[in-house]
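Asks: Here is my input, please return the structure:
(one chain, ligands or ions: 1)
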Amino acid sequence: MSPDSLPRSMLITADIAGLRRRVAAARHAGQLIGCVPTMGALHAGHVSLMQQARTECDFVIATLFVNPKQFGPQEDLQKYPRPFEVDCDKCREAGVDLLFHPDIRAMYPAEFATFVAVDGLTANWEGVIRPTHFRGVTTVVAKLLNLTQPDKAYFGQKDFQQQAIIRRMCRDLDMPTEIVTCPTVRDPDGLALSSRNVYLSPTERASGLSLHRALCLARDKVQAGETNLEVIRLVMRAEMEQTPGVFVDYATIADPDSLVELSDPQPRMVALVAARVGPTRLIDNLLIP
Ligand code: AMP
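Replies: Numbers count the residues shown, from 1 in each chain. Model (predicted):
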């Protein structure tokens, strides 16, 4: 067996000082550092981010932290799945070098008082329905990027607004990390993988497929020459609303950079949808064309 084909060993640490020492050593050795922030309950979508980091970087850090500051008061913080051992195995198999899983007090000591908030991009869509969500996300991502000092950080297109906001934050705050957005991984029937899909009953899961159907309809309409985006928005909404148990939060076509809703077609557009299916909220999106 050549050294390259030997399984890598993965360091697991909750210790900030230990993480910083390991990052400094990687830097000192001239290694390109990649970071994949996650909340755990890992699935093939998360793993695809780690695999992409593995192919592009010398030293791959995954972070696993269920960030309380991005959950609203009525949301699922307590019941969010936390299969730690299984997550460790998935990280190891994906070739992660270091798994950082801090505890809450290390990340947010009692006197913690600083937030990072991005204006504008957070005003629409998820920002309306989850008003404190994105400032929790940008705060924890800023902390994790400060701790891991990566050359590249990997995020999923699945959370389209999130990756746009994080990109904006890094630009505005002169953070030296390149933000890499990786394609959405789906089940074969089109449902975007999400840690929250485990909450869905079989019936709800079937209803959840209407989000992907709505997005495909939007893409097909544009490709067939439909130029009235309002018509397309109505078609998307109707596709979801006519599915039993689906309550639409939004269905729109927006500019992929500003996330402003579009009146007229343009070369790059993103269709964004969100709906509640039973007690679970699902979001999805598709770049058009
Ligand atoms: P989370 O653990 O839900 O915070 O997600 C961690 C990262 O995985 C985020 O950058 C997500 O956008 C990304 N992610 C979640 N689901 C998927 C998916 N189905 N495909 C690709 N990336 C995903």
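
Asks: what about stretch 112-121, start to end distance?
Replies: Chord length of stretch 112-121, first to last residue, is 25 Å (C-alpha to C-alpha, to the nearest Å).

Asks: Give me the contact list for it.
Replies: With contact meaning C-beta atoms under 8 Å, 6 or more residues apart in numbering, stretch 112-121 is reached by 69, 127, 134-135, 138-139, 142, 161, 164-165, 168-169, 172-173, 258-259. In this view, the C-beta of every residue, glycine as well, is placed from N, C-alpha and C.

Asks: wait, which of those is closest to residue 19?
Replies: residue 142 (15.6 Å; C-beta to C-beta).

Asks: Would you verify that the closest one is located in a strand?
Replies: No - counting by DSSP: H, G, I helix; E, B strand; the rest coil, residue 142 is not part of a strand but helix.

Asks: in terms of contact, does it touch residue 172 like I think?
Replies: No - contact criterion C-beta atoms under 8 Å: residue 142 and residue 172 do not qualify, at 10.9 Å.

Asks: Domain map for the protein?
Replies: Using automatic domain parsing, the domain ranges for the chain come out as 3-182, 195-288.

Asks: Need the buried ones from the contacts of stretch 112-121 selected in PyMOL.
Replies: Entered in PyMOL, the line below selects the buried ones among the contacts of stretch 112-121, by 16 or more other C-beta atoms under 10 Å:
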select buried, resi 69+127+134+135+138+139+142+161+164+165+168+169+259
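
Asks: In helices, which of the contacts of stretch 112-121 appear?
Replies: Among the contacts of stretch 112-121, the ones falling in helices (DSSP state H) are 127, 134, 135, 138, 139, 142, 161, 164, 165, 168, 169, 172.

Asks: Report the two of the contacts of stretch 112-121 separated the most.
Replies: Top of the distance list for these (C-beta to C-beta): 69 and 258, 25.5 Å.

Asks: Now do the helices in the stretch 101-250 of the chain.
Replies: Ranges of helices in the stretch 101-250 of the chain, per DSSP state H, counting those that start in this stretch, are 104-107, 126-129, 133-148, 160-172, 202-223, 229-241.

Asks: so which of those helices comes closest to residue 37?
Replies: So among these, helix 133-148 is nearest, using C-beta to C-beta, at 5.1 Å.

Asks: Return the list of helices and strands in contact with the closest one.
Replies: helix 16-28, strand 33-38, strand 59-64, strand 98-100, helix 126-129, helix 160-172 (3 or more C-beta pairs under 8 Å, 6 or more residues apart in numbering; DSSP states H and E).

Asks: I'd like these as a markdown table, with mean pLDDT appended.
Replies: Shown next, in a markdown table, are the helices and strands packed on helix 133-148 (pLDDT from 0 to 100):
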| stretch | mean pLDDT |
| --- | --- |
| helix 16-28 | 98 |
| strand 33-38 | 98 |
| strand 59-64 | 98 |
| strand 98-100 | 98 |
| helix 126-129 | 98 |
| helix 160-172 | 98 |
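
Asks: how about JSON lines for these, with distance to residue 47 added?
Replies: Output for the helices and strands packed on helix 133-148, formatted as JSON lines (distance: least, C-beta to C-beta, whole Å):
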{"stretch": "helix 16-28", "distance to residue 47": "22"}
{"stretch": "strand 33-38", "distance to residue 47": "9"}
{"stretch": "strand 59-64", "distance to residue 47": "10"}
{"stretch": "strand 98-100", "distance to residue 47": "13"}
{"stretch": "helix 126-129", "distance to residue 47": "24"}
{"stretch": "helix 160-172", "distance to residue 47": "18"}
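
Asks: The ligand: which of the helices of the stretch 101-250 of the chain is closest?
Replies: Proximity of these to the ligand was assessed by C-beta to the nearest ligand atom; the nearest stretch is helix 160-172, lying at 6.2 Å.

Asks: Wasn't residue 281 part of a strand?
Replies: Yes - Residue 281 sits within a strand when classified using three-state DSSP.

Asks: residues contacting it?
Replies: 129, 196, 249, 274, 275.

Asks: Likewise for residue 72?
Replies: Contacts here follow C-beta under 8 Å, 6+ apart; on that basis residue 72 touches 130, 131, 132, 133.

Asks: who in the stretch 101-250 of the chain is up against the ligand?
Replies: Contacts of the stretch 101-250 of the chain with the ligand, taken as C-beta under 6 Å from any ligand atom, map to 155, 156, 158, 159, 182, 184, 185, 192, 193, 194, 195.
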